[in-house]
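Engineer: The following block contains a protein sequence and its predicted model.
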Amino acid sequence: MTGFSTEQVTEAIRAGLREGRQPVDLSVTEGSQQAEVYRGNLAHYRDHAQKSLDEGDCLQAAEKSWGAYAQTIKAVAADHGLRVTHHASIIGAADRIALLVGTVDTAAGDTLRQGLSTARSLHQHWYENDLSGATVTANTREVIAAIDLLQELCPVDAAAP
């Protein structure tokens, strides 16, 4: 991660995990393999979210946006030797990464925190169907911006121990 050591990012992810929901430590090979799977899933969900928006299917767009965001966090964690699998752990790890980034770049930290909040709102929309199409479209774009920023700040090659 730009400006942060691998240890700082790993500790931020660990700090965000809920008690009783400890991550699985991964070897370098396992982490790399898992991250590749998560990035493949991320691309699939991201494409599906856009296709769903184009077709006017806001429920699918919302859920696939959450899925893309969650896969991004899981990929970053795997790059740092951790497997994060539960919603609470994904949210906690994303929050701690945003806090870490915010110590150096307030605007980037805010973008990441807002992206997390928006992704959670879109995930809730899947169950509640409570957002307008315009809101789902705007929120999906916001989540994609947060995903892009996470990928920029947490490049694959920077995580290798």
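Structural biologist: Sure, I can see it.

Engineer: any low-confidence regions in the protein?
Structural biologist: Applying pLDDT under 70 to the chain picks out residues 1-3, 18-23, 157-161.

Engineer: Show the subsequent helix or strand relative to the lengthiest helix in it.
Structural biologist: Longest helix in the chain, counting residues (DSSP state H): helix 28-55. As assigned by DSSP states H and E, the chain's next helix or strand after helix 28-55 is helix 58-79.

Engineer: Walk me through which strands whatever helix or strand comes next after that next one pairs with, and which way each runs.
Structural biologist: Following helix 58-79 in sequence order, the next helix or strand is strand 82-83 (DSSP H and E). Here strand 82-83 has these sheet partners by DSSP bridges: strand 24-25 (antiparallel).

Engineer: Identify the residues contacting the strand it pairs with?
Structural biologist: Strand 24-25 is contacted from outside by 81-83, 85, using CB atoms under 8 Å, 6 or more residues apart in numbering. Every residue, glycine included, has its C-beta placed from N, CA and C.

Engineer: Type out the PyMOL command that picks the buried ones from the residues you listed.
Structural biologist: Selection command for PyMOL covering only the buried members of the contacts of strand 24-25, criterion 16 or more other CB atoms under 10 Å:
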select buried, resi 81+82+83
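
Engineer: Name the nearest of the contacts of strand 24-25 relative to A49.
Structural biologist: T85 (21.4 Å; CB to CB).

Engineer: for the contacts of strand 24-25, which one is nearest L149?
Structural biologist: L82 (20.3 Å).

Engineer: Wait, the closest one touches T10, no?
Structural biologist: Yes - here L82 lies in contact with T10, judged by CB atoms under 8 Å, at a distance of 6.9 Å.

Engineer: does F4 count as helix, strand or coil?
Structural biologist: coil (DSSP: H, G, I helix; E, B strand; the rest coil).
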